[in-house]
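Asks: A predicted structure for the sequence below; I have some questions about it.
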Amino acid sequence: MITEYIRYRIDADRANAFVADYTSAAKSLDASEYCLGYDLARSVETPESFILRIIWTSADDHLGKFRKSAEFGAFLGAIRNYVPDIVEMGHYAETGVTRAPSVRA
């Protein structure tokens, strides 16, 4: 398992369309056997900053299999306009320092 992080800088006038287009693109992630989960977050302090986190079965499955799949074509088609807005993109391995979210009473 590997986590891909993609950091975007999106102007306020395009932010709603960005989220809507990623909502559409998420259907392709849902359909992929290589995608284990994802979330898109927006910075509270810097609203033009977004981070997409995608958990893949492996970097090889993401780069070598998903990117050659029909799902990738649909995914890229939905978000292609935002590729120039990528500030950073990379794959990260877990370190073992973690805690799952929980609700405290």
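Replies: Cool, the structure landed.

Asks: going forward, measure contacts between C-alpha atoms and count neighbours the same way
Replies: Noted.

Asks: ok, residues contacting stretch 79-92?
Replies: Stretch 79-92 has contacts (CA atoms under 8 Å, 6 or more residues apart in numbering) with 2-10, 18, 21-22, 25, 59.

Asks: just those residues: which are in strands?
Replies: Those of the contacts of stretch 79-92 mapping onto strands are 2, 3, 4, 5, 6, 7, 8, 9, per DSSP state E.

Asks: so who does the fourth one touch?
Replies: I take that to be residue 5. Residue 5 makes contacts with 51, 52, 53, 54, 88, 89, 90, 91, 92, as judged by CA under 8 Å, 6+ apart.

Asks: could you say which helix or strand holds residue 100?
Replies: Following DSSP states H and E, one finds residue 100 outside all helices and strands.

Asks: so in this structure, which helix runs the longest?
Replies: Scanning the chain for the helix with the most residues, using DSSP state H, yields helix 12-31.

Asks: any idea how far it is from the middle of the chain?
Replies: 10 Å (CA atoms, centre = their mean, to the nearest Å).

Asks: measure how that helix sits relative to strand 2-9, angle-wise.
Replies: Helix 12-31 and strand 2-9 are oriented at 160 degrees to each other (axes from the mean of the first three to the mean of the last three CA atoms, to 10 degrees).

Asks: list the buried residues of helix 12-31.
Replies: Across helix 12-31, burial judged by 16 or more other CA atoms under 10 Å covers 15, 18, 19, 21, 22, 24, 25, 26, 28, 29.

Asks: next structured bit after it?
Replies: That would be, after helix 12-31 and using DSSP H and E, strand 35-42.

Asks: direction included, what does that next one pair up with?
Replies: Strand pairing for strand 35-42, using DSSP bridges, gives strand 49-56 (antiparallel).

Asks: please save the CA atoms from the strand it pairs with in CSV.
Replies: The C-alpha atoms that make up strand 49-56 are tabulated as CSV, following Å, rounded to 0.1, in the frame of the first residue of the first chain:
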residue,chain,number,x,y,z
SER,A,49,-4.7,25.2,-1.3
PHE,A,50,-6.2,21.7,-1.8
ILE,A,51,-4.6,18.3,-1.1
LEU,A,52,-5.8,15.1,-2.7
ARG,A,53,-4.8,11.9,-0.9
ILE,A,54,-5.2,8.6,-2.8
ILE,A,55,-4.3,5.2,-1.3
TRP,A,56,-3.1,2.8,-4.0
